[in-house]
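Participant: structure for the following, please:
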Amino acid sequence: MIKSIQILVDPLIYLDETLFQSFLRQQLNLSKEQRFEYNVRKRSIDARGRKVRFALHVDCYINEKKPEFKPVHLPDNDVSKAKEVHIVGAGPAGLFAAIKLIGQGLKPVIIERGKPVKERRRDLANLTKNHIVNPDSNYCFGEGGAGTYSDGKLYTRSNKRGDVDAVLNTFIAFGANPEIAIDARPHIGTNKLPQIIEKMREYILMCGGEILFDTRFTDLHTNFGALHQIELSGGVKLICNNLILATGHSADDIYRLLYNRNIKIEAKPFALGVRTEHRQEFIDSTQYHCAVRPDYLPPAYYSLVTQVEGGGVYSFCMCPGGIIAPCSTESGLVVTNGWSPSKRNNPYSNSGIVTEISLQDLSQLDDLEKNPLVGLEFRRSIEKVACDLAGGTQKAPAQNIADFIQNKVSKALPLCSYTPGIESVDLKEVLPGFVHQRLKKAFIDFEKKIKGWAGAEAVAVAVESRTSSPIRIPRNPHTLQHIQVAGLYPCAEGAGFAGGIASAAIDGMRCAEQIVLVR
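Facilitator: Numbers count the residues shown, from 1 in each chain. Prediction:
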């Protein structure tokens with residue numbers, strides 16, 4: 001007999017196999033003679049009360065064996081001579097699309113403007129230490145995409161459980177910790193994900209797929225409304241009937257290319273704000289209601305949201321034990337993001353605190369029908385101001401949160417994990433007025449929810465502007481092809497249809513499936 005139960009349990013009981021089995025036996029009302037085995041399906045932390053507990057969803061197998069874990073089967077198809085499908089971008093959408101195509105007997109050809117994942121490290125070091133931005137190899141561009149060196153979070157709000165499980169189990173098949181399959185907020189870590197991405201690449205190449213690194217997608221040509229040719233850097237031209245466009249949210253040149261080719265794109269809402277940083281020990285104490293976090297509990301995270309003047313302000317991509325990173329894709333702009341290693345053992349935590357930039361907000365700047373690039377231009381202008389005010393390098397403008405609320409330039413800033421350095425600036429000069437006002441009121445509200453959150457040791461670093469794309473590339477909801485160009489499949493974050501590693505991977509697989517259906 002199989003019985004599924006949802007329980008709250010003391011962490012010390014859960015972490016002791018003998019105690020936990022005894023606890024489950026009591027929950028199931030089993031006698032000592034009855035045998036059982038169990039699988040924990042989902043695990044999260046419930047810290048709402050004074051005592052922290054694990055919230056578990058457990059499948060119990062009474063008087064029978066539990067099923068053995070079976071990793072995802074990766075077919076060893078030789079697709080080297082099969083029909084080609086081109087993919088722009090080697091992020092999660094592109095890689096998972098390639099793996100899905102191989103399983104269906106098609107040959108993926110991935111076009112990646114950046115470098116292999118290990119080679120990216122040199123460019124990231126050069127960006128962090130010397131403030132030199134490589135426009136093709138940075139935190140956003142390169143093998144693995146933006147998520148590889150900015151955390152590897154796999155949390156998604158997607159309700160397509162089967163698809164989410166397929167993504168998690170595929171990562172496990174390539175070497176991820178199996179615990180990601182049960183954690184409510186799964187996380188691989190910036191130090192672990194590159195090796196997994198390398199194994200994905202090796203698999204794709206072993207099966208006969210191709211990956212063209214250091215290669216830009218520069219143009220496309222249609223014939224009677226259908227894609228028939230693409231151009232790459234170096235003047236290379238390829239016959240192409242199916243193209244998955246999975247460029248991520250920062251490929252401004254691709255949006256401009258489509259716009260100049262009269263291929264429809266649309267302005268869409270996005271979010272903008274700052275990245276805030278606190279001592280991790282402070283977050284632990286407030287969330288776990290203790291002076292010192294016990295070793296058996298992971299570094300704590302928080303989730304904050306409020307409404308200000310009709311607009312939502314919320315925490316985004318919260319990184320316990322993390323680091324704020326410079327994520328600009330070109331010189332003269334400052335962009336911040338955050339990441340954590342797998343152990344989340346850095347002394348600081350950080351989180352984006354952002355508010356939505358709505359279509360109504362953007363319509364105040366320009367005609368959205370005539371200029372769908374308005375959000376892109378708006379975002380860029382703020383990133384440029386942030387750079388200029390902080391000295392014109394990759395230093396970031398910053399302000400104590402207490403001073404932010406009081407409209408005071410900070411006389412001194414706390415230590416910060418942002419390695420290029422922070423510069424004391426009144427962030428009112430960086431952020432649009434309505435964004436600054438919303439954040440200010442939200443910070444006051446967040447202080448009520450977490451006492452000390454808006455204290456003098458908390459710092460706001462600008463600008464957090466790459467939460468999502470300000471552009472949508474419209475597609476048919478059934479075929480996933482562009483509404484004008486047959487054979488063009490706008491995909492994932494860069495097309496405005498996903499957010500984060502897991503949802504991007506799901507969208508990549510969906511696009512691949514549609515290509516298989518119409519081949």
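
Participant: quick one: mean pLDDT for stretch 401-409?
Facilitator: Across stretch 401-409, the average pLDDT comes to 96.

Participant: again with stretch 19-28
Facilitator: Averaging pLDDT along stretch 19-28 gives 96.

Participant: got the buried residues for that stretch?
Facilitator: Under the neighbour-count criterion of 16 or more other CB atoms under 10 Å, stretch 19-28 has Phe20, Phe23, Leu24, Leu28 buried. (Each C-beta comes from the backbone N, C-alpha and C, glycine too.)

Participant: which element is the closest residue to the last one other than its chain neighbours on?
Facilitator: Here the nearest residue to Leu28 in space, its sequence neighbours aside, is Cys60; by CB to CB, 6 or more residues apart in numbering that works out to 5.9 Å. Cys60 is located in strand 53-62, with elements delineated by DSSP states H and E.

Participant: check Ile515 too.
Facilitator: Short version, using DSSP H and E: Ile515 is in helix 501-518.

Participant: can you give me the offset of that helix from its chain's centre?
Facilitator: The chain centre lies 17 Å from the centre of helix 501-518; the measure is CA atoms, centre = their mean, to the nearest Å.

Participant: for that helix, the averaged confidence score.
Facilitator: 94.

Participant: now do stretch 49-56
Facilitator: For stretch 49-56, the per-residue pLDDT averages 92.

Participant: now that stretch: buried residues?
Facilitator: Val52, Arg53, Phe54, Ala55, Leu56.

Participant: of the residues you listed, just say which sits nearest to Thr286.
Facilitator: When the buried residues of stretch 49-56 are compared for distance to Thr286 (CB to CB), Val52 comes out closest, at 12.3 Å.

Participant: buried stuff in the stretch of helix or strand Leu258 belongs to?
Facilitator: Assigned by DSSP H and E, Leu258 belongs to helix 252-260. The neighbour-count criterion (16+ other CB under 10 Å) identifies Asp252, Ile254, Tyr255, Leu257, Leu258, Tyr259 as the buried residues of helix 252-260.

Participant: now these as JSON lines including distance to Pro194 and pLDDT?
Facilitator: Listed next are the buried residues of helix 252-260 as JSON lines, based on distance: CB to CB, whole Å; pLDDT from 0 to 100:
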{"residue": "Asp252", "distance to Pro194": "25", "pLDDT": "96"}
{"residue": "Ile254", "distance to Pro194": "25", "pLDDT": "97"}
{"residue": "Tyr255", "distance to Pro194": "28", "pLDDT": "98"}
{"residue": "Leu257", "distance to Pro194": "29", "pLDDT": "98"}
{"residue": "Leu258", "distance to Pro194": "31", "pLDDT": "98"}
{"residue": "Tyr259", "distance to Pro194": "34", "pLDDT": "97"}
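
Participant: just curious, which of these is nearest to Gly322?
Facilitator: Proximity of the buried residues of helix 252-260 to Gly322 (CB to CB) peaks at Asp252, which lies at 26.6 Å.

Participant: was I right to think the closest one contacts Arg380?
Facilitator: Yes. The criterion here is CB atoms under 8 Å, and Asp252 meets it with Arg380 at 7.5 Å.

Participant: where do the helices sit along the stretch 1-150 of the chain?
Facilitator: Ranges of helices within the stretch 1-150 of the chain are 11-14, 17-28, 92-103, 117-130, based on DSSP state H, counting those that start in this stretch.

Participant: most tightly packed of these?
Facilitator: Highest mean neighbour count among the helices of the stretch 1-150 of the chain (mean count of other CB atoms under 10 Å): helix 92-103, with a mean of 29.

Participant: what about that helix, average pLDDT?
Facilitator: For helix 92-103, mean pLDDT is 97.

Participant: now the angle between helix 17-28 and the strand holding Cys60, please.
Facilitator: Here strand 53-62 runs at an angle of 70 degrees relative to helix 17-28 (axes from the mean of the first three to the mean of the last three CA atoms, to 10 degrees).

Participant: strand 53-62 pairs with which strands, and in what direction?
Facilitator: Counting by DSSP bridges, the strands paired with strand 53-62 are strand 2-9 (antiparallel), strand 36-46 (antiparallel).

Participant: for stretch 129-143, how far is the first residue from the last?
Facilitator: Using CA to CA, to the nearest Å, one end of stretch 129-143 lies 22 Å from the other.

Participant: now the lowest-mean-pLDDT helix or strand in the chain: buried residues?
Facilitator: Taking mean pLDDT, DSSP states H and E as the measure, the chain has helix 161-173 as its least confident helix or strand, at a mean of 88. Judged by neighbour count (16+ other CB under 10 Å), helix 161-173 contains these buried residues: Asp163, Val164, Ala166, Val167, Leu168, Asn169, Thr170, Phe171, Ile172, Ala173.
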